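In: what would the 3D arrangement of this be:
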Amino acid sequence: MSKHPLKFNSKTIHGGQEPDAAFGAVMPPIYQTSTYAQTTPGGHKGYEYSRSANPTRTALERSLASIENGEYGLAFASGLAAIDAVIKLLSPGDEVVSTNDLYGGSYRLFKQVFEKFGITFHFIGMGEVARIEEKINKNTKLIWVETPTNPMMNVINIKAVAALAKKHKILLAVDNTFATPYLQRPLELGADIVMHSATKYLGGHSDVVVGALVVRDKELADKLYFIQNASGAVCGPMDSFLVLRGIKTLHVRMQRHCENGEAIARYLKKHSKIEKVYWPGFEEHPNHEVAKSQMSDFGGMISFIPKGSNFKDAVKIVEKLQVFTLAESLGGVESLAGHPASMTHASIPKEEREKSGVVDSLIRLSVGIEDVDDLIADLEQAIG
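Out: Numbers count the residues shown, from 1 in each chain. Reported below is the predicted structural model:
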């Protein structure tokens, strides 16, 4: 490995990686084993049981730490398993201030699982940092930020929230799934924990489900490693290998996602039948300047509302798409379309959804890396 500090595009390929010690394999082997031989009780080569650690997962965790400019990476069975580990840092009576516009699965985990154990969650718009401070009290232990948010594409000022968290000695966790470390690195902006659904852009090929956490502080890392091992929600070696392989092309894929995303956002904005387009690259986006300051580009996620549309109208449009696939998830090489109210955010009560803008007519696009002319033609025929 070069002693010269690597730039991001090189880190995706080489970051935290060494040829395999056994035979010099360039790609980390898939160590498809549950246990490891010991020469004497406790005498092993760093691995004893694959829930605790597996060489393929270790390679992925080192890569995750490298691309986020962190020190410690942890890989989990899903993004929600990673979030679950973060909330398990807390105790009954603790409180969390969370983005109100966030992935429906995160909301469901917070409200329907952890509230039963005495943890209180406050969901607020975080466009203005002062609103966060209003919710902070002596019991507040964590601020949970998602930026850009899912699906309204709101942008939250990570540096400002980090300053607030440090002032009150509160942990700050940032869901960086939409942006990826190609566009945004929250640890550099003051966050304590970065979370990813690595199922999405990091894996990049819609063929694996994995979650990730990255931190810089050893004490915090040790607490999370303990929870990871004790709860056991780890990803297997094959899944680890697939995400590691995906990361190696993250930089080239994200470049095309961003290019295609901008072209489609601008096409939709000019369309006579589209009422509203949500994309942080527009100058009129309420936090466009924040996006410019903390992101290197604006990503491939877009949401929009057709004019005069309702639930049925939105469903008709996504059903007519032919190049875009109607499916859950995002961040794959293929373009996906979704209807948040009935799919990704169906677990959030309608009244709560609509407070944050997730109305029945909203459509969300994950713009892939196909030829953008084909994607625009597909939207044209579906919108009519």
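
In: what is the mean pLDDT for the helix or strand harbouring L220?
Out: Per DSSP states H and E: L220 is located in helix 218-231. Averaging pLDDT along helix 218-231 gives 98.

In: what comes up buried for it?
Out: Across helix 218-231, burial judged by 16 or more other CB atoms under 10 Å covers 220-221, 224-225, 227-228. Any C-beta I mention is one placed from the backbone N, CA and C, and that applies to glycine too.

In: could you single out the nearest of these to L336?
Out: Closest to L336 out of the buried residues of helix 218-231 is Q228 (29.5 Å), distances taken as CB to CB.

In: need the buried residues of helix 218-231 in a markdown table with distance to Q38, can you?
Out: Output for those, formatted as a markdown table (distance: CB to CB, whole Å):
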| residue | distance to Q38 |
| --- | --- |
| L220 | 30 |
| A221 | 26 |
| L224 | 26 |
| Y225 | 21 |
| I227 | 25 |
| Q228 | 22 |
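
In: how is this structure divided into domains?
Out: The chain breaks down by automatic domain parsing into domains covering 8-247, 250-383.

In: quick check: end-to-end length of the last one?
Out: According to CA to CA, to the nearest Å, domain 250-383 extends 31 Å from its N-terminal end residue to its C-terminal end residue.

In: go on, the first one?
Out: Terminal residues of domain 8-247 lie 11 Å apart, using CA to CA.

In: can you pull out the helices in the stretch 51-200 of the chain?
Out: All helices of the stretch 51-200 of the chain, identified by DSSP state H, counting those that start in this stretch, fall at 55-67, 79-87, 104-108, 129-135, 158-167, 180-183.

In: chain center to the fifth one: distance?
Out: Translated: helix 158-167. In terms of CA atoms, centre = their mean, to the nearest Å, the centre of helix 158-167 is set 20 Å apart from its chain centre.

In: in that helix, which residues are buried?
Out: 158-162, 164-165.

In: so where is the protein shaky, pLDDT-wise?
Out: Confidence mapping of the chain against pLDDT under 70 gives the ranges 1-3.

In: go again with 90.
Out: Flagging of the chain using pLDDT under 90 yields the residue ranges 1-5, 20-22, 42, 45, 127-128, 309, 344-357.

In: and for this protein, the residue most distant from the center?
Out: In the chain, the residue that sits farthest from the middle, by CA atoms, centre = their mean, is T40; the gap is 42.0 Å.

In: before we move on, the earlier item: could you give the angle of the helix holding L220 to helix 79-87?
Out: Counting by axes from the mean of the first three to the mean of the last three CA atoms, to 10 degrees, helix 218-231 lies at 120 degrees to helix 79-87.

In: which secondary structure elements does helix 218-231 contact?
Out: The helices and strands touching helix 218-231, judged by 3 or more CB pairs under 8 Å, 6 or more residues apart in numbering; DSSP states H and E, are strand 72-76, helix 79-87, strand 211-215.

In: next, the angle strand 211-215 makes with the second one.
Out: Between the axes of helix 79-87 and strand 211-215, defined by the same axes, to 10 degrees, the angle is 40 degrees.

In: just the C-alphas of helix 79-87, formatted as CSV.
Out: Taking C-alpha atoms only, helix 79-87 is exported to CSV below (Å, rounded to 0.1, in the frame of the first residue of the first chain):
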residue,chain,number,x,y,z
GLY,A,79,-29.1,-0.6,7.1
LEU,A,80,-31.8,-1.0,9.8
ALA,A,81,-29.5,-3.4,11.7
ALA,A,82,-26.9,-0.6,11.7
ILE,A,83,-29.4,1.9,13.0
ASP,A,84,-30.6,-0.6,15.6
ALA,A,85,-27.1,-0.8,16.9
VAL,A,86,-26.8,3.0,17.3
ILE,A,87,-30.1,3.2,19.2
